[in-house]
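> build me a structure from this.
(2 chains)
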Amino acid sequence: RKEVEQDPGPFNVPEGATVAFNCTYSNSASQSFFWYRQDCRKEPKLLMSVYSSGNEDGRFTAQLNRASQYISLLIRDSKLSDSATYLCVVNRPGTYKYIFGTGTRLKVLA
Amino acid sequence: EAGVVQSPRYKIIEKKQPVAFWCNPISGHNTLYWYLQNLGQGPELLIRYENEEAVDDSQLPKDRFSAERLKGVDSTLKIQPAELGDSAVYLCASSLSSGTDTQYFGPGTRLTVL
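Sure thing, here's the model as predicted:
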């Protein structure tokens, strides 16, 4: 089983739609979780950290489900500019290493 | 504030040639990372520096790859000799320290080995 797994997509959604991605992780002892956004041929940029109680930043909501070992990202009222690849990042316990998922591609259609 | 700077942005070489990538992290960031990203994949860590010390180089193919961060600031990653399979984007990132600090990525160097 991969340490971090994501559905590669693409997820094609119309503008204004709500879309959610999940990311599963294999090590139950992982403590740090992040979502990064990567535009085509650009570098990854931090979108948001994921906290145990869940957190929201505008139209974006991140959740952690420790029992099922996954994190999620919910995007409400999708914009064309949300089109990108969303990378899930999880720490490897006992190290300072962060493992990136393969990313989920989102295409928001006009 | 300037971000992470990398050069060159693009490099095309023939196999068996050497190549070097340079990275200047954000000022004050003690931790520097080199990642490799293949198409359709997430970044994979090659090496992590804390100041000038390589504290995690377990994923660096040491037969052909080398890296240095002599003064604890900028860093160079070298491949000698390059192979066809080395074609990828090489990303440099920095953070204030290891742990949960946000990693800031540079624009990357896109390497094509012919």
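
> for residue 106, what are its contacts?
Since you didn't name a chain, this refers to chain A. Residue A:106 sits next to A:9-11, A:13, A:19, A:21, A:75, A:78, A:82-86 when contact means Cβ atoms under 8 Å, 6 or more residues apart in numbering or on different chains. C-beta coordinates here come from the backbone N, C-alpha and C atoms, glycine included.

> that's the wrong chain, I wanted chain B
A:43, B:3-6, B:23, B:91-93.

> looking at it, residue A:6 is touching residue A:36, isn't it?
No - here residue A:6 does not reach residue A:36: they are 11.5 Å apart, not a contact under Cβ atoms under 8 Å.

> neighbour-wise, which of the two wins?
Between residue A:6 and residue A:36, residue A:36 has the larger neighbour count (other Cβ atoms under 10 Å in any protein chain shown), namely 25 against 22.

> which strand or helix spans that one?
Using DSSP states H and E, residue A:36 sits within strand A:33-38.

> and the next helix or strand past that strand?
By DSSP H and E, the next helix or strand past strand A:33-38 is strand A:44-49.

> which pLDDT does the model give the residue in chain A positioned nearest to chain B?
For chain A and chain B, the shortest gap (Cβ to the nearest Cβ) falls at residue A:100, measuring 3.2 Å. pLDDT for residue A:100: 96.

> surely it and residue B:33 touch.
No - using Cβ under 8 Å, residue A:100 is not in contact with residue B:33, being 11.3 Å away.

> residue B:49 contacts residue B:32, correct?
Yes - using Cβ under 8 Å, residue B:49 is in contact with residue B:32, at 4.4 Å.

> so between those two, which is more surrounded?
More crowded of residue B:49 and residue B:32, by other Cβ under 10 Å: residue B:32, with 28 against 23.

> give the helix, strand or coil label for the more buried one.
strand (DSSP: H, G, I helix; E, B strand; the rest coil).

> who's in contact with it?
B:23, B:25, B:48-49, B:69, B:75, B:92-94.

> may I have stretch A:8-28 as PDB, with CA atoms only?
Extracted C-alpha coordinates of stretch A:8-28, given in PDB (Å, rounded to 0.1, in the frame of the first residue of the first chain):
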ATOM      1  CA  PRO A   8      -5.500  11.300 -10.000                       C
ATOM      2  CA  GLY A   9      -8.700  12.500 -11.700                       C
ATOM      3  CA  PRO A  10      -9.300  14.600 -13.600                       C
ATOM      4  CA  PHE A  11     -12.400  15.900 -11.800                       C
ATOM      5  CA  ASN A  12     -14.300  17.900 -14.300                       C
ATOM      6  CA  VAL A  13     -16.800  20.200 -12.700                       C
ATOM      7  CA  PRO A  14     -18.900  23.200 -13.800                       C
ATOM      8  CA  GLU A  15     -18.300  26.600 -12.300                       C
ATOM      9  CA  GLY A  16     -20.100  27.100  -9.100                       C
ATOM     10  CA  ALA A  17     -20.100  23.400  -8.200                       C
ATOM     11  CA  THR A  18     -18.900  21.900  -5.000                       C
ATOM     12  CA  VAL A  19     -16.100  19.300  -5.300                       C
ATOM     13  CA  ALA A  20     -14.300  17.200  -2.800                       C
ATOM     14  CA  PHE A  21     -11.100  15.100  -2.900                       C
ATOM     15  CA  ASN A  22      -9.900  12.500  -0.500                       C
ATOM     16  CA  CYS A  23      -6.400  11.400   0.300                       C
ATOM     17  CA  THR A  24      -5.600   8.200   2.200                       C
ATOM     18  CA  TYR A  25      -2.500   7.600   4.200                       C
ATOM     19  CA  SER A  26      -1.000   4.400   5.500                       C
ATOM     20  CA  ASN A  27       0.700   5.200   8.700                       C
ATOM     21  CA  SER A  28      -1.700   5.800  11.600                       C
END
